[in-house]
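**Q** what shape does this take:
(chains A and B)
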Amino acid sequence: QQPVQSPQAVILREGEDAVINCSSSKALYSVHWYRQKHGEAPVFLMILLKGGEQKGHEKISASFNEKKQQSSLYLTASQLSYSGTYFCGTYTGGFKTIFGAGTRLFVKA
Amino acid sequence: NAGVTQTPKFQVLKTGQSMTLQCAQDMNHNSMYWYRQDPGMGLRLIYYSASEGTTDKGEVPNGYNVSRLNKREFSLRLESAAPSQTSVYFCASSPGQLEAFFGQGTRLTVV
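**A** Numbers count the residues shown, from 1 in each chain, chains lettered A, B, ... in the order given. Next comes the predicted model:
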């Protein structure tokens, strides 16, 4: 079942912060975060593993609440280059990752 | 360093025609995936292959078939294309439950 992302869209000014949430109805082994620019392929940002291990981007952080089956992506001091659509991907076992519908982020100068 | 290569990049089909989308990865990954992306729907999993010789259905498998030809290649076939299959198709590979690497996508229009 597809995880639920919120908000659906965000508009920021350069330098502002944003939080994108991802919620699943199933127990999660890991959560992945990706960013997609218009007309391009999704690009990996970060993975959060069950047990707290985190691997990924140096300027973007995330949290993973295993009990609540939720993850949040924190974008601080946003830059113009942060614009795009952010997807969370949830891994619940069985070698498949299911993605949310995406959050569109627009950063303006 | 090619990563994940998809062909073709663009395709227009008539309703009822068949075609195969090709995907190859050079990262020695075990797992490969086919997703479709439609506006407002995100990436939806069509089929996946956990390892060479195995394939399984994802969220939206109807109207598609796949072949894991070898460890490098994973193809997606539309036997009788329908307008509802107009979409952008992405192939991805992964070493396991870790990050996925995506190809550049195939933009398919069925008229």
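**Q** residue B:79 against residue B:17, yeah?
**A** No - look at residue B:79 against residue B:17 with Cβ atoms under 8 Å: they stay out of range, at 9.6 Å. In short, each C-beta sits where N, CA and C put it, glycine included.
**Q** could you find the closest non-adjacent residue to residue B:41?
**A** Using Cβ to Cβ, 6 or more residues apart in numbering or on different chains and skipping the chain neighbours, the partner closest in space to residue B:41 is residue A:101 (6.0 Å).
**Q** give the contact list for that neighbour.
**A** For residue A:101, the contacting residues are A:2, A:4, A:5, A:8, B:40, B:41, B:42, by Cβ atoms under 8 Å, 6 or more residues apart in numbering or on different chains.
**Q** need the three-state assignment for it.
**A** Secondary structure state of residue A:101, per DSSP: H, G, I helix; E, B strand; the rest coil, is coil.
**Q** what is the least confident helix or strand in chain A?
**A** Every helix and strand of chain A was ranked by mean pLDDT, DSSP states H and E. The lowest is strand A:54-56, at a mean of 62.
**Q** can you list the residues of chain B near chain A?
**A** Chain B comes close to chain A at residues B:31, B:33, B:35, B:40-45, B:48, B:50, B:56, B:58-59, B:90, B:94, B:96-105, as judged by Cβ under 8 Å from any Cβ of the partner chain.
**Q** same thing but at 6 Å, please
**A** Applying Cβ under 6 Å from any Cβ of the partner chain, we find that chain B lies next to chain A at B:31, B:41, B:42, B:43, B:45, B:48, B:50, B:97, B:99, B:102, B:104, B:105.
**Q** list only buried entries from these.
**A** With burial judged by 16 or more other Cβ atoms under 10 Å in any protein chain shown, the buried subset of the residues of chain B next to chain A is B:31, B:42, B:43, B:45, B:48, B:50, B:97, B:99, B:102, B:104, B:105.
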